[in-house]
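Visitor: My questions are about this predicted structure, shown below with the sequence.
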Amino acid sequence: MRKPLPMHLARRCLARTRRGSPCQGPVVRGRKRCRMHGGADGSGAPHGPRNGNYRTGFWTKEAIAERRFARELLREARATLNQVDEILALLPPPGLRSEGDPGGYPGPLQRR
Ligand SMILES: [Zn+2]
């Protein structure tokens, strides 16, 4: 049997047809539907304030990405602080310092 052509391996449009079955047409590059079902250039609602569902901008892709980035940054900062705690925990406790040791690590900081 012949190998299927790359064309036939393209993702398929799942739009429901008037028959009730999925369209199965090849999807437009970068889209989830075929050229007949919303994949065509210029089809779809405008982004941003021009979109009818736009309210405050809280749910724009940019705002969502910004919040995701902030959470990731916070996650990394916490992980770094935990690593610092682990390293500092290896140092001798204040009572066991030798003469002249400035010491000063009071134990893990209280963080949320
Ligand atoms: Zn389709």
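Guide: Done, it's in.
Visitor: For the chain, which segments are assigned as helices?
Guide: 61-88 (DSSP state H).
Visitor: Spell out which parts of it neighbour the ion.
Guide: Selection of the chain residues close to the ion by Cβ under 5 Å from the ion yields 13, 15, 23, 25, 34, 37. Every C-beta, even on glycine, is put in place using the N, C-alpha and C of the backbone.
Visitor: Just give me the neighbour total for the fifth one.
Guide: If you count neighbours by other Cβ atoms under 10 Å, Cys34 ends up with 21.
Visitor: Was I right to think it contacts Leu14?
Guide: No: Cys34 sits out of contact with Leu14 when judged by Cβ atoms under 8 Å, with a separation of 9.4 Å.
Visitor: Of the residues of the chain next to the ion, which is the most crowded?
Guide: If you count neighbours using other Cβ under 10 Å, the busiest of those is Cys13, which has 23 neighbours.
Visitor: For it, give me its contacts.
Guide: Neighbour list for Cys13: 22-27, 32-34, 36-37, 39 [criterion: Cβ atoms under 8 Å, 6 or more residues apart in numbering].
Visitor: okay, and the common contacts of Cys34 and Leu14?
Guide: Common contact partners of Cys34 and Leu14 (Cβ under 8 Å, 6+ apart): Cys23.
Visitor: pLDDT below threshold where in the protein?
Guide: Scanning the chain with the threshold set as pLDDT under 70 gives 94-95, 97, 100-112.
Visitor: okay, now the domains of it?
Guide: Under the assignment named as automatic domain parsing, the residue ranges that make up the domains of the chain are 10-41, 56-91.
Visitor: most tightly surrounded among the ones you listed?
Guide: The densest packing among the domains of the chain, expressed as mean neighbour count by mean count of other Cβ atoms under 10 Å, is seen in domain 10-41 with a mean of 14.
Visitor: quick one: terminal-to-terminal distance for that domain?
Guide: 18 Å (Cα to Cα, to the nearest Å).
Visitor: what distance separates it from the centre of its chain?
Guide: 26 Å (Cα atoms, centre = their mean, to the nearest Å).
Visitor: do you know how far the residue nearest the centre of the chain is from the ion?
Guide: Among the residues of the chain, Arg68 comes closest to the average C-alpha position under Cα atoms, centre = their mean, at 6.3 Å. Using Cβ to the ion, to the nearest Å, we find Arg68 at a distance of 31 Å from the ion.
Visitor: Many thanks, I have nothing further to ask.
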